[in-house]
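A.B. asks: Pasted the sequence and its predicted model underneath.
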Amino acid sequence: MQGILYVSHGSRVPEARRQAADCIHSVQSKVGIGLQETCYLELAQPDMGEGIRLLAEKGADKIAVIPVLLLRAGHYYTDIPKEIETAKNKYPDIEFQYGKPLGVQERLIDILIERINEKHGPICPDANILLVGRGSRNPETPAAIQKIQKKLSQKLGGIHVDACYLAACQPSFEEGLEKSIQAGHSQTIVVPYLWFTGILIESMQKKVREYQEDGFHVILCDHLGDHPMMVEALAERVYELLPGKKVKNHAQ
C-alpha cells in the first residue's frame, strides 16, 4: 500500500506551522491517497522517524518521501537521506522513494510578481526589487536564486533586481537593503523567496520598519504561502513518484 510522507522544515512560530499544515493538507486532498502523513525536520513534531512509523503501522509497503522545500541544499542532500537510510534499516520490507524540491519554476516567479502587485501600484523605472533567499552553503542555492533574479527582472520588463540572503551566502539581507538605500532608488521592494512565515520573516519585518520610520520608501511583500500554484507544484512532485499520474513539466 502506497504511503506519502511530507517533510516540512518546522518552525518555532505557530503561524508558520499552521501555514505549512494548511498547504500540505490542500495537497493531500488533491492527491487523494489514503495513507498520507506530515512531519518536520526540526522545531516541531512529529519528526521524520515518527512520521514513517505512523505510515508503517497503517500498512504502507511503499513510502514516497516528499521534501516540502523550495531548493536543493543541506536538508535535501543530507538530513532527509540520513533519516531515510535509518528507516530502511528499521523497515527492510518497505520501499522508499525520494522526491525533489520545487526548484526554479516559471509559475513560482509568477507568484512573486503577484506578491509585488498585491503590495504595490505601478513600479517606478528607478525602483529596485530586492529578492531575498534563505541561503545555504551549497553552491546550488545562490545559483538558483541568481536564475530567479534574472527571470524576475525579465518578466518585470527589465526593472532592476538585486539578490541577497538571510544566512550562509553574501550579500546578507541587511547589506542588500543598505546598498539599495544608499544607491538612491526611489523605491526598494523587498520580495522574500520563502514558502511560509517564521522567524526570518519577522526579522525582515523589523528591519524594513526601521527604514520606513527613517523615511525611506521600502515595501515588504508577502512570502509565497499557500498560493494555488504552490499547491499544484507540490502535488506534481508527489505525482512524479506515483505510477500512472501525468505530470506537467514547469521546472526549468
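C.D. replies: Arrived safely, thanks for sending.

A.B. asks: mind checking the backbone torsions on the residue nearest to Ala56 when sequence neighbours are not counted?
C.D. replies: Using Cβ to Cβ, 6 or more residues apart in numbering and skipping the chain neighbours, the partner closest in space to Ala56 is Tyr91 (5.4 Å). In this view, the C-beta of every residue, glycine as well, is placed from N, C-alpha and C. Per-residue torsions, Tyr91: phi -130, psi 70 (degrees, to the nearest 10).

A.B. asks: give me the number of residues near Tyr91?
C.D. replies: By other Cβ atoms under 10 Å, 17 other residues sit near Tyr91.

A.B. asks: Use 9 as the first number from now on
C.D. replies: Let's use 9 as the start, then, which means that last one is Tyr99.

A.B. asks: Against Asp69, how distant is it?
C.D. replies: 9 Å (Cβ to Cβ, to the nearest Å).

A.B. asks: what do you get for Met212?
C.D. replies: Applying Cβ to Cβ to Met212 and Asp69 gives a distance of 44 Å.

A.B. asks: Just the CA trace of stretch 235-243, in PDB.
C.D. replies: The C-alpha coordinates for stretch 235-243 follow below in PDB (Å, rounded to 0.1, in the frame of the first residue of the first chain):
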ATOM      1  CA  HIS A 235      -0.900  30.100  -3.300                       C
ATOM      2  CA  PRO A 236      -2.800  27.600  -5.500                       C
ATOM      3  CA  MET A 237       0.200  27.300  -7.800                       C
ATOM      4  CA  MET A 238       2.300  26.300  -4.800                       C
ATOM      5  CA  VAL A 239      -0.200  23.600  -4.000                       C
ATOM      6  CA  GLU A 240      -0.200  22.400  -7.700                       C
ATOM      7  CA  ALA A 241       3.600  22.400  -7.800                       C
ATOM      8  CA  LEU A 242       4.000  20.300  -4.700                       C
ATOM      9  CA  ALA A 243       1.200  17.900  -5.800                       C
END
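
A.B. asks: Looking at it now, give me its mean pLDDT.
C.D. replies: Mean per-residue pLDDT for stretch 235-243: 98.

A.B. asks: Mind giving me the packing neighbours of the lengthiest helix in the chain?
C.D. replies: If you go by DSSP state H, the chain has its longest helix at helix 22-39. Under the contact criterion of 3 or more Cβ pairs under 8 Å, 6 or more residues apart in numbering; DSSP states H and E, helix 22-39 touches strand 10-16, strand 43-48, helix 236-247.

A.B. asks: rerun at 10 Å
C.D. replies: strand 10-16, strand 43-48, strand 70-75, helix 207-221, helix 236-247 (3 or more Cβ pairs under 10 Å, 6 or more residues apart in numbering; DSSP states H and E).

A.B. asks: So Ile197 belongs to a strand, correct?
C.D. replies: Yes. Under DSSP: H, G, I helix; E, B strand; the rest coil, Ile197 sits within a strand.

A.B. asks: ok now the longest helix of the chain, how far from the chain's centre?
C.D. replies: In terms of Cα atoms, centre = their mean, to the nearest Å, the centre of helix 22-39 is set 13 Å apart from its chain centre.

A.B. asks: Repeat that for stretch 235-247.
C.D. replies: So, by Cα atoms, centre = their mean, the centroid of stretch 235-247 is 12 Å from its chain's centroid.

A.B. asks: Just the buried residues of it, please?
C.D. replies: By neighbour count on 16 or more other Cβ atoms under 10 Å, the buried set for stretch 235-247 is His235, Met237, Met238, Val239, Ala241, Leu242, Ala243, Glu244, Arg245, Val246, Tyr247.

A.B. asks: how about those, which pair is most distant?
C.D. replies: For these, the farthest-apart pair by Cβ to Cβ is His235 and Tyr247; their separation is 18.4 Å.

A.B. asks: picking up where we left off before, looking at Met212 and Asp69, which one has more neighbours?
C.D. replies: Taking neighbours as other Cβ under 10 Å, Met212 and Asp69 compare with Met212 leading, 20 against 13.
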